[in-house]
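# Below: sequence and its predicted model.
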Amino acid sequence: MAEGNEKTISILLSILCVIALAGCSTTPLAPSSPPPEPGILKNPLPSGQTSQAKGNTMRTITIRVGNKNFRATLYDNDSTRALTAKLPLTLNMDELNGNEKFYFFPEKFPTNSEQGGSIKTGDLMLYGSDCLVLFYKNFSTSYSYTRLGYVEDANGLAAALGSGSVQVTFSAP
């Protein structure tokens, strides 16, 4: 009988130890999703649609290079509103560093720049307050940019842009 009580007490102590150790875990609970980046909306809408939810408008544009069209989603910020007010635009974009095409506007745009960090193929950004940049390679940078949007499917973007200056048209879909 005493041997049976020892086993029962031993099992109960083991269970209490497991419960106590689980309660002392130092691993923070992971959030269900990362916090959104400032100025970036989640859940892009299908092409050509806009949303007025919470006062935000997300917009898609078409970027045409040669005979190839790419759909881009724009973030909701003052810079993209200023850019879309100018559409349609056909720009002669110059080559830089084998990873981007750029164009300097004669006027300035509103900015909300942040350090670039990781640049992705298809990112559309504003450098300074007047330089539109379309990236066609992934890389890391310490430069600061205002995020404008991104090409949804950047497959073929680098090939379409080529290695030199290129004419690019930005328009509403």
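Ah, there it is.
# Following element in sequence after the lengthiest strand in the chain, please.
The residue-count maximum for a strand in the chain (DSSP state E) belongs to strand 139-151. Moving toward the C-terminus from strand 139-151, the next helix or strand (DSSP states H and E) is helix 157-161.
# before we move on, back to that, okay, now the sheet partners of the longest strand of the chain, with direction.
Neighbouring strands of strand 139-151 in its sheet, by DSSP bridges, are strand 68-74 (antiparallel), strand 114-119 (antiparallel), strand 123-127 (antiparallel).
# So which of those strands is the most surrounded?
Comparing these by mean neighbour count (mean count of other CB atoms under 10 Å), strand 123-127 ranks first with a mean of 23. Bear in mind the C-beta positions are built from the backbone N, C-alpha and C, glycine included.
# For whichever helix or strand comes after that one, enumerate the helices and strands it packs against.
Downstream of strand 123-127, the next assigned helix or strand under DSSP H and E is strand 131-135. Counting contacts by 3 or more CB pairs under 8 Å, 6 or more residues apart in numbering; DSSP states H and E, strand 131-135 packs against strand 89-96, strand 100-104, strand 123-127, strand 139-151.
# okay, those strands, which one's buried deepest?
The stretch of those with the highest mean neighbour count (mean count of other CB under 10 Å) is strand 123-127, at a mean of 23.
# average pLDDT across that one?
In this model, strand 123-127 has an average pLDDT of 97.
# Then stretch 157-165?
96.
# Give the buried residues for that stretch.
Across stretch 157-165, burial judged by 16 or more other CB atoms under 10 Å covers 157-158, 160-161.
# I appreciate the help and will end here.
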